[in-house]
Structure formats: C-alpha cells, structure tokens
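J.: Structure, please.
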Amino acid sequence: MTTKAQLKAVKKYDDSHRTEKNYRAKRSSARNFIRKYGTYEDIKELQEIINARLQEEKTMIANIEFTAENKAYQTTIQFEQLNDENTDYIGGRYVATTLVDIFDGNDIEKDMTSNLESYYTDEDFSDKEHLKKWFMGQIEHEYHEPEITEIVLEEE
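T.: Modelled structure (predicted):
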C-alpha cells in the first residue's frame with residue numbers, strides 16, 4: 001500500500017520533472033507508432049522528415065566567461081551538428097572535436113592560458129544547461145573551483 005508521504009513525493013518529483021516526463025512519453029509514442037501502427041507510406045514520410053532534420057546544418061557559437069581563483073577568463077567555442085564528415089566513434093558514442101582556447105580577462109589583447117581539444121555530442125550543446133555541464137567537465141581539472149559568470153549562445 002502506498003502511503004500519503006510516498007504519493008506526495010511522487011507528485012513533487014513528477015511536477016519538477018515535467019519536461020523530461022513529456023519528452024519520454026512523446027518518444028515512446030513515436031516509437032510505438034512506428035513499430036506497431038505506421039503504414040508503409042507513414043514510415044516513408046517519417047523517414048524523409050528524419051533525413052531532412054539530420055541534414056540541417058546547425059552550428060552554435062558559445063561565448064563563455066568564467067572565474068577561477070579570483071581571475072576572469074573567457075572563451076569562444078564553435079560547435080557543429082554531428083555529421084558523417086566530423087564524427088568519430090569514441091568511447092561507445094559518436095563525438096566531434098572542438099578547440100577550447102581560454103584567455104585571461106576580457107580585453108582584445110588577450111593572453112591564452114589554455115588550449116584544450118575536446119570531444120562533444122549534439123546533446124552537449126543542445127541548451128545552456130547541457131553546455132554548462134559539458135564545459136565544467138572540460139576545465140575542472142585545470143581550474144580550481146571555476147564558476148561560469150556568463151554564457152551567450154549564437155546559432156548560425
């Protein structure tokens with residue numbers, strides 16, 4: 001038997017994870033439709049939609065400012081949507097490579113402090129939260145207690 005406290009906890013979790021829950025439900029419906037109900041014409045149309053979506057060239061530029069040990073740093077990183085030309089299969093996943101050049105301060109005349117070659121997936125730059133998590137993972141070993149102060153995304 002489920003207690004009132006358990007029901008309350010489940011409701012609180014569901015309310016705070018509504019986006020993820022909706023995403024999983026829609027993905028499940030799409031897979032179920034394709035596997036069980038879609039006609040040949042439906043599947044063919046969906047395949048065309050998927051192929052068009054995969055062919056879209058999505059490039060994102062991330063301008064990131066962060067601090068570490070009371071010092072300001074800045075970087076600009078370019079991400080391209082993964083495709084056949086820029087993708088490798090590494091560590092059990094498909095990834096592309098980008099350079100992360102980090103500079104002191106915000107001046108035009110900047111001094112480079114780091115140059116990292118980093119792997120990323122399409123999900124890593126899908127939104128600011130994923131990008132923040134990815135970036136922190138890239139710099140956490142080189143910068144003591146880094147904190148992102150600003151992220152500006154530009155799509156091309």
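
J.: Which pLDDT value belongs to E142?
T.: We note a pLDDT of 90 for E142 in this prediction.

J.: just E80 next, same as before
T.: Looking at E80, its pLDDT reads 88.

J.: Am I right that it is in contact with T87?
T.: No: using C-beta atoms under 8 Å, E80 makes no contact with T87, being 9.8 Å away. Quick note: C-beta positions are derived from backbone N, CA and C, even for glycine.

J.: Quickly list what's touching both of these two.
T.: Applying C-beta atoms under 8 Å, 6 or more residues apart in numbering, one finds that E80 and T87 are jointly contacted by A96.

J.: Could you list the buried residues of stretch 63-76?
T.: Within stretch 63-76, the residues that count as buried by 16 or more other C-beta atoms under 10 Å are I64, F66, A68, Y73, Q74, T75.

J.: Name the residues that touch that stretch?
T.: Here stretch 63-76 makes contact (C-beta under 8 Å, 6+ apart) with 61-62, 77, 100-106, 110, 113, 135, 139, 143-154.

J.: Now do the SS call for A52.
T.: Here A52 is recorded as helix under DSSP: H, G, I helix; E, B strand; the rest coil.

J.: Which residues are in contact with it?
T.: Applying C-beta under 8 Å, 6+ apart, no residues qualify as near A52.

J.: Kindly provide the distance from the most centrally placed residue in the chain to F66.
T.: Centroid check for the chain by C-alpha atoms, centre = their mean gives D124 as the closest residue, at 2.3 Å. According to C-beta to C-beta, to the nearest Å, D124 stands 17 Å off from F66.

J.: Y119 too?
T.: Y119 sits 20 Å away from F66, taking C-beta to C-beta as the criterion.
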